[in-house]
Structures are given as structure tokens and as C-alpha cells.
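1. Quick one, structure for this:
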Amino acid sequence: MTLSAILVSASILRFLDPCTCVYQTDDPREGARLSAEPGYWPVPNGIVDPLAKTPTARVVHAVFRRQETPFPDYNPDSPSPLFKVNQVGYLPGAPKFAYVGAWLGPVFGAWKPRETENGEWKVANGIGWELVDAKTRKVVYASAERPVLRVHDDTTKEGVPFTGEETYEMNFSSVTNEGSYFVRIPGVGRSADFRIAASAAEEAFRVHMGGLYQKRCGIAKTEPYTHWTAGACHADVVRGRFAPDEGKLDPKAKWFDIIRDNTDWERGERLHLVGGWHDAADYDRRPQHLQIVNDLCAVYLMRPENFRDGQLAIPENANSIPDILDEAEWGLRHLLAGQQSDGGVGTWIETTAHPGPGNIAERDQMRYALSRPTRKSSLMYSASAALLARCHPSFRDKYLDSARRAWDFAMRERPQVAVFEVKRAKGRLFKRTETEKVVWTEDIELPTAYFVKAAVNLHALTGDAQFLEPVVRDLKRLTEAVGREGWNLPPLLFSGERAKGTPDSLVEFFRRWEKGKLNAAKGICSQVETAYAYRAPWWHPRQGWCHAMSFGHSHPLVRAQYLVAAHGFTGERRYLDAAAIALDFHNGCNPQGATLTSGLGAVYPIAFLDLPSYVDGIAEYVPGITPYRWTYALPQKAVEMVWGGDRKKASKWPIWRRWANLEGRTVAASEYTVWETIAPAASVTGYLVNPSVRTAPAEQRHPAKDLRELPGYWPLP
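-> Model prediction:
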């Protein structure tokens, strides 16, 4: 079937092996016809028209067909979607695994090799599988053993499988020569071509950092840096009174209401704040984005040789400053500009409601306000600004004094109490508006981690002991607190400071911190080896946290930040190898055989919750975005919109396949944030960059003109 035929008919035929195929269509009438076949299975491909009055899910209707004799149209030289490989490239010195397996819906279940002996894979002519040079077609590695069924697919306590597969693994870690290859199994088929390349991590790093550039606020995104162009936006902000999403507040109160009714929109101080990143699908700039600044600075300080000026496609790529630091600084520019004369820094820029799908960023009519400074927000800024100042002399000159003034504000001020007035609509028949008073109270204690972090960095920059004195006086409480709270703090929070050296007086504090992160990293190494057939850095199926997949928690490169931190502490190779395996999972070695980031590799997410992608007039969604993806539990809207409300039928959907992107109706799967999914991927891939291989950024690719051109449009269930 030709590409033009695919685009006209909106259908595609793929062979999994000589005797198994899948036919897919997005035509609901054709889907209704196929539903009578035994191998039929509807699959949400994640496209909802957000501008329609009654949007419905677009479903790819799939039917699997099996027969005893090979299909006449089968081509053994055509790559089979049974095979899952790293689509960006394996790192030469790292472990390398490819996988074969698929779930053929609830009727056929797991794909299995047809040729078996005593229930085991039959080896044909002494060859179990081969690694083939894609250019010369010469076999460079041949295994006499069949691919390994290393870990059997487990189930939940309700009996739901995690992949629905029998997944077989092929290990070619001993092959380190760079080049293009494919794996082949006699009688089954071959994979797509893939590379072994020292530059692979840097290529992935550029895509993830490009995602941050696409989410920059306050400037236009233009060519030659991207072909997904957009105008400047949201620079005009009013100084507000609301708090930066911390402290104690009546749980019934909503920050949107507080901002709306307690900001002097007409006479308030006007600010011009260029900088920061849009949080996610919408346009707010949040306190959590300081974590991005820390992640990028941390990996730079841990491995400065990995980074350079001219490495990325950004406007600052010729200013003699490593590009990763330019992007980190983008997360501080607007906060520096909004710093009060008394040193206080508000860190949340928010509006009065979620913007609708038709809101174009550069023409957004919603009003935005900057939060009041608190001791916590000022310390978070001070810690981040001082860390950036330690990275480069230019930023020392720009941010040191600002960081000191923010510290002084936090040390000087007392906890605040504020009373906000909120207007609420009352009554059903006779509607009226009443004003209620809402009390907000700032936290009494200074935030442990950022208090220490700011003190350490300011002391390192100035040599002034006054910054460490309040920490040392309260060291016992702070050390106990980091032991209790450390599990909930970012893995790389102190990695930059540790790389530069920490004060002798705080040895016990940092020992406690490192112990918690090392324990987590050891657990992740065990998970990679034993938890799932696809080597995933996620909790074992029977562990208590296994269900907590939503909002990006299960993303492999989010988890791999612990491995990066542990490698920085110890230098042990096992942590670096596990991080490389996590990268493989992210880049296609997973049940869906797709990368987890738009524009990365060959098969990637083609639709997700992203307002700019709805209204930019470009068919393909913005690249560099990493949606949350897995949810463990069934998204209710997917049950309604894909399975027609039949929860029993939908419940057969395996856990690692519950990728129901219905955009605004499945936020926990379909959205993302710059700090939860994009920046962790950038930090880990940056850490894995090979500094001995310096490649120039490739020419920015052009968007597809039709989503159906993209392989990710046609998922396997």
C-alpha cells in the first residue's frame, strides 16, 4: 500500500510476521465493519478536536488476522513492529537490548513464535537471532540461542496484565562499533534500522532542550531555531497580592478567585517580565520551574565538559556561554526583573482561569499577575540564582547581588498573614453575589532544603560565614528534616553543590541526603533488572508505589535522575548503565515501540494536550514535548469515548498500554509540564552526552503536513 493510498483511505496494513498481520483504519464506518472479526480491537490514538462543540475521540480500529500459511504479500525485508529498539541510537559503551513481542488484543492475547519445541522457541539452522550491518547486509553477531524470555508478564491483583505480551530479549552489549544495524530472527522478521552512536545522547538532549525553547515565555519563537514559530507573549504583568501556592489556605478557596478579586488590575504596578516557561498546555509560570534551573545547572557542574556554546538551536548560541546555562538563565530573567526593592521575589505568574483551547499565546486577552514574595519563594530564587552564579562569571556579575538581597529578605521578614476577599455567586433561583473573607497564613518554618541550598551557594560565592551561621545553629533539626522530607525533593537538588564541594560543617546533612538518594537508586537498578520484561526503572508490580504512574511519575528519565545523582556520588558504572537502559526505554524499547517525546526518533506521540499546537495552523504538534502518558487506572473518559462505556471490556487493556490521550479529558495522561517531564529528560540526556564527540545541531526539521504521515498515528494496542 502506498503512502498516498494510506492518506486517502486512512488505513494501513502491517505484517508482524509471515502469518500475522494487523489492518488499521480511522474510518468509523470501516471500524464498524471490522468489529465483527474475532481479532478486532479499538485503540485510542489520542486525537480529539478541542475546538469542536462536542469533541469525540478519534479511534484507530485494529483487526489482527492470523493464518497457518504465510501471507502472499509478506515482505521479509520490511521492518516488523514486533521489534522494539532504541530509535535514536544506543550508546557504544552501554548495555544494549532489543525486544520482540506484541499484544494482539483480548482475543489472540500475546504474540508467540509459531515454531516451538516443547513450548520453547525453535532455533532454525543453529541461528536464534542475528545482528546485521544495515549497509553491508553482513551479519556482525549471531546468537545460537533463541531470544530470551527473561521476565514473565505479571498481573495486578485483579488479574490485569502489565504488557499482555510474552516479551523476548536480545542482548548485543558486546557490539561497540558505531554504525547502522538491525536485528533479525529467522522465520519471524527483522527490526527497523537503528544506530550505535556516541552522539545519540546529544541528539536526544537537543530535542528535549528544544522543548524548553518552544515553551519560552516573552519572546517570539522564530526560524532558524524552529519551524514551529510563534509570537512574543505575556510580558505585561501586574504585581499582585496572592501567595505563591504555599502556606495554609482554606481548602475550599481557589487561587483563581483570589487572584481575580484581590489584584488591582487598573492601578497596580505594571511590570515587563520576559522570561520563564509556560508551565504546560497553558501559559502560567510557576515556582516549580526553579527546579529546571537547578537540574540544568546541576548536570553542568557535574559534567561541564559535556556542554558548550553553539550546542543548541537557541538565539543565545554564540555568546561564549554554554547553551545549557543560557536556557537555565531563562528561568530567572523574569524573576530578577520582578524583584522588589526590599529584595523579595514572587515566583508565580498566574491568571484567573484556565485558558481555553482557542487562546493564542501572543494574542491572549487574559490578565496575569505576579505573586507576593514570601520567605520560601525568595529563598528558592536566591538558591537558584546563586547556583547559576557559580556556573559562569557572567551570571555571577548579574545575579549575585540579587541573590543576596533575596536571602536578606527571607532572613529579615516574619511569617505573613493575609486576608483576601472573594466574591461568590449564591442562590439557585434568586442569584446574588456575596463577598467572603479567606485567610492565608505563611509557613512558620523556613523550607529546609532551599534554606541550606541558598546558604551554601552564597557562602561559596562570597566566603562570608554569615550565610552558614543560621544553618549551623539549626543543623540538628535541618538534618532530621531532610531525612524525613528528602524522598519528596528533586533527586538533583544538591548535586551541583556536591560537585563543587560542600562545607565541612554540613557533612552530616549531606550524608543524610545522599543516603536517601543512593537507596532509591539501588532500588531502581533492581527494578531495571527484575521488574518487567522491558527493562523499565519502575516499581515492581507487587510494590506499593507501582500504581502511582500518573502525571509522569513513571517516566524512565524522571526516575533516571536518581541514577545520575548516584553516579555523581559514587562514580559506580552500574548507575550509568541503568541510566542508559532507561534512555533506551524512553527512546522506543517499550511495549508501544514508540519514543515518549514528540519529534524524537521515528515513532513518537503525535497528539497531546497543548494549546499552542491547537491554534498555530501547523498539522504536526510541537516537538520536544513529553506527555505524562501512563495512568495505571483506566481513564473514565477513555472508557466512555473509546469503549462505549463498557468498563469490563476496557479493563482488559494492559497497564503499560493504557495510553488514552483524550487531551483535556485525560489530563493525567495527556498533558505534561516543563518541570515534571521535559527538564528531567534534558538533564539525564545531557549527563549522558559523550564530550569527545562534538556534532553541530542538525538543520531543524519541517513539520508533517498531515498527521497520518507520521508512524505514531497508527499505534499497536
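2. Backbone dihedrals for Arg396, both of them.
-> The phi/psi pair for Arg396 (degrees, to the nearest 10) reads phi -60, psi -50.
3. what residues are up against it?
-> Ala389, Arg390, Leu461 (Cβ atoms under 8 Å, 6 or more residues apart in numbering). C-beta coordinates here come from the backbone N, C-alpha and C atoms, glycine included.
4. next helix or strand past the longest helix anywhere in the chain?
-> The longest helix of the chain (DSSP state H) is helix 507-530. Going down the chain from helix 507-530, the next helix or strand is helix 556-570, by DSSP states H and E.
5. per-residue confidence averaged over the helix or strand that comes right after that next one?
-> Using DSSP H and E, the helix or strand that follows helix 556-570 in sequence is helix 573-586. Helix 573-586 shows a mean pLDDT of 98.
6. what about the longest helix of the chain, distance to the chain center?
-> Averaging C-alpha positions (Cα atoms, centre = their mean, to the nearest Å) puts helix 507-530 22 Å from its chain's average.
7. just stretch 601-621 next, same as before
-> 15 Å.
8. Endpoints of it, how far apart?
-> Start-to-end span of stretch 601-621 (Cα to Cα, to the nearest Å) is 15 Å.
9. quick one, what contacts the closest residue to Leu249 other than its chain neighbours?
-> With sequence-adjacent residues excluded and distances taken as Cβ to Cβ, 6 or more residues apart in numbering, Leu249 is closest to Trp440, at 4.9 Å. Neighbouring residues of Trp440 by Cβ under 8 Å, 6+ apart: Ala243, Gly247, Lys248, Leu249, Ile258, Val417, Ala418, Val419, Phe420.
10. Report the secondary structure element holding Ala681.
-> Taking DSSP H and E as the definition, Ala681 sits inside helix 679-687.
11. Dump that helix to CSV, keeping only the CA atoms.
-> Taking Å, rounded to 0.1, in the frame of the first residue of the first chain, the C-alpha atoms of helix 679-687 are listed here in CSV:
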residue,chain,number,x,y,z
ALA,A,679,13.5,19.1,32.1
PRO,A,680,14.3,15.7,33.7
ALA,A,681,14.7,14.2,30.2
ALA,A,682,17.0,17.1,29.2
SER,A,683,19.1,16.7,32.4
VAL,A,684,19.6,13.0,32.1
THR,A,685,20.4,13.0,28.4
GLY,A,686,22.8,16.0,29.0
TYR,A,687,24.6,14.0,31.6
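12. Give the residue spans of this protein that score low on pLDDT.
-> By pLDDT under 70, the weakly predicted segments of the chain are 1-9, 115-120, 123-125.
13. quick check: domain ranges of it?
-> 75-197, 201-567 (automatic domain parsing).
14. re earlier: what subset of the contacts of Arg396 is buried?
-> Listed as buried from the contacts of Arg396 are Ala389, Arg390, Leu461; burial here means 16 or more other Cβ atoms under 10 Å.
15. Contact partners for the first one?
-> Residues near Ala389 by Cβ under 8 Å, 6+ apart: Phe395, Arg396, Lys398, Tyr399, Leu400, Ala403, Asn457, Leu461.
16. quick one, what contacts the fourth one?
-> If I follow you right, that is Tyr399. If you count contacts by Cβ under 8 Å, 6+ apart, then Tyr399 has Leu332, Leu336, Ala385, Ala386, Leu388, Ala389 around it.
17. State the helix or strand in which the fifth one lies.
-> Using DSSP H and E, the element containing Leu388 is helix 375-391.
18. re the thing from before, tell me the bridge partners for the residue nearest to Leu249.
-> Counting by DSSP bridges, Trp440 forms beta bridges with Leu249, Ala418.
19. quick revisit: can the domains of the chain go into CSV with extra columns for distance to Ala650?
-> Below are the domains of the chain laid out as CSV (distance: least, Cβ to Cβ, whole Å):
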stretch, distance to Ala650
domain 75-197, 10
domain 201-567, 17
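20. Any idea which of those domains gets closest to Asp646?
-> Of all the domains of the chain, domain 75-197 sits nearest to Asp646, with 11.8 Å by Cβ to Cβ.
21. gap between the two ends of that closest one?
-> Using Cα to Cα, first and last residues of domain 75-197 are 28 Å apart.
22. Run the chain-centre distance for it.
-> When C-alpha coordinates are averaged (Cα atoms, centre = their mean), domain 75-197 and its chain have centres 26 Å apart.
23. again with stretch 228-241
-> Worked out by Cα atoms, centre = their mean, stretch 228-241 lies 24 Å from the chain centre.
24. buried ones in that stretch?
-> So for stretch 228-241, counting by 16+ other Cβ under 10 Å, buried means Trp228, Ala230, Cys233, His234, Ala235, Val237, Val238, Arg239, Gly240, Arg241.
25. Could you do stretch 60-70 as well?
-> For stretch 60-70, the neighbour count (16+ other Cβ under 10 Å) marks Val60, His61, Ala62, Val63, Phe64, Arg65, Arg66 as buried.
26. Run through the residues that contact Asp257.
-> With Cβ under 8 Å, 6+ apart, Asp257 has these contacts: Thr352, Val422, Lys423, Arg424.
27. from these, which two are the most distant?
-> The largest separation in the contacts of Asp257, counting by Cβ to Cβ, is between Thr352 and Arg424 at 14.3 Å.
28. Which one of those two is surrounded by more residues?
-> The neighbour comparison of Thr352 against Arg424 (other Cβ atoms under 10 Å) goes to Thr352, with 18 against 12.
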